[in-house]
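Asker: the following block contains a protein sequence and its predicted model.
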Amino acid sequence: MTATTPDAAAARPGAGWIERFTPATRALHWATATLVLVCALTGFSLYVGSVSAIVGHREVVRTVHVTAGLLIPVPLVLAYLGPWRRGVRAEFRRLGRWSRDDRRWLRSRGREARDQVGKYNAGQKANAAFIAGMIPLMLVSGSVMKWFHYFPLRYRTGATFVHDWTAIVAWAVIAGHILFALNDTGSLRGMVTGRVSRAWAALHHPRWAGEVVEEADSPLR
């Protein structure tokens, strides 16, 4: 008998439901999302003078901002090295694998190659790539700004420029991500409960849904 694959097993909780995300994957997402959101909100308060005046406690806000920023890599490290790493690494491979259909989907804003969308569409892959690049960039530039006395002036100036503009882009990306999630209850349900309906999967991620159902329905050899 051949071993049952994770995707095949994922379709078995119920005839109308598919497991989309494991508990480890969801924990990584929500832990990272919480820390990034805390950094975005506290950073916005520090950056915009009028908001800072309303919030007050600037040093407390700064401490929370720095602490959350330094903690952002922790969930990723734990997820990647923990006993659940096999499933998490499989998700990373999916997110990092781009196909010609993904590029078509992205260029057409989802109007083309819709029937070839796998577990993640190109927009989700692009968002993940941005976050993956943003974290080390913000961590390094923020560290230079925090411990500025160890670095020459040109480093501090460059770090401030990079940190500020990356933060502005991050605010836009985060806002877009939240709006997309709120607009697609099926996707949000998948990240909250781990399961999605087969109908939703077939509509939004047809190639992945087909693979899961085909593997689950095939007889074991």
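Answerer: Everything's here; your move.
Asker: quick check: which element contains Leu28?
Answerer: helix 23-47 (DSSP states H and E).
Asker: next: Val213.
Answerer: Applying DSSP H and E, one finds Val213 within helix 206-217.
Asker: how much space between the residue positioned nearest the centre of the chain and Val173?
Answerer: By Cα atoms, centre = their mean, the mean C-alpha position of the chain lies nearest to Ala128, the distance being 4.9 Å. Going from Ala128 to Val173 by Cβ to Cβ, to the nearest Å gives 11 Å. No exception for glycine: its C-beta is placed from N, CA and C like everyone else's.
Asker: do Ala113 as well
Answerer: 23 Å.
Asker: so where is the chain shaky, pLDDT-wise?
Answerer: 1-15, 214-221 (pLDDT under 70).
Asker: what's the local residue count around Arg111?
Answerer: 9 (other Cβ atoms under 10 Å).
Asker: for it, give me the backbone phi and psi.
Answerer: phi -90, psi -20 (degrees, to the nearest 10).
Asker: what's the burial count for the residue nearest to the residue nearest to the centre of the chain when sequence neighbours are not counted?
Answerer: Excluding the flanking residues, the one nearest Ala128 by Cβ to Cβ, 6 or more residues apart in numbering is Leu95, at 4.5 Å. Neighbour count for Leu95, taken as other Cβ under 10 Å: 18.
Asker: distance check, Leu95 against Leu28.
Answerer: 12 Å.
Asker: kindly report the same for Ala129.
Answerer: 16 Å.
Asker: ok, the two, which is more surrounded?
Answerer: Leu28 (22 against 13).
Asker: hmm, the more buried one is touching Gly87, no?
Answerer: No - look at Leu28 against Gly87 with Cβ atoms under 8 Å: they stay out of range, at 10.3 Å.
Asker: Arg195 is in contact with Arg189, correct?
Answerer: Yes - with contact defined as Cβ under 8 Å, Arg189 counts as touching Arg195 (7.3 Å).
Asker: grab the longest helix from the chain for me.
Answerer: Taking DSSP state H as the criterion, the chain has its longest helix at helix 153-183.
Asker: which helices and strands sit right next to the helix or strand just after it?
Answerer: Helices and strands here follow DSSP H and E; after helix 153-183, the next one along the chain is helix 185-193. Counting contacts by 3 or more Cβ pairs under 8 Å, 6 or more residues apart in numbering; DSSP states H and E, helix 185-193 is packed against helix 23-47, helix 153-183, strand 195-197, helix 198-204.
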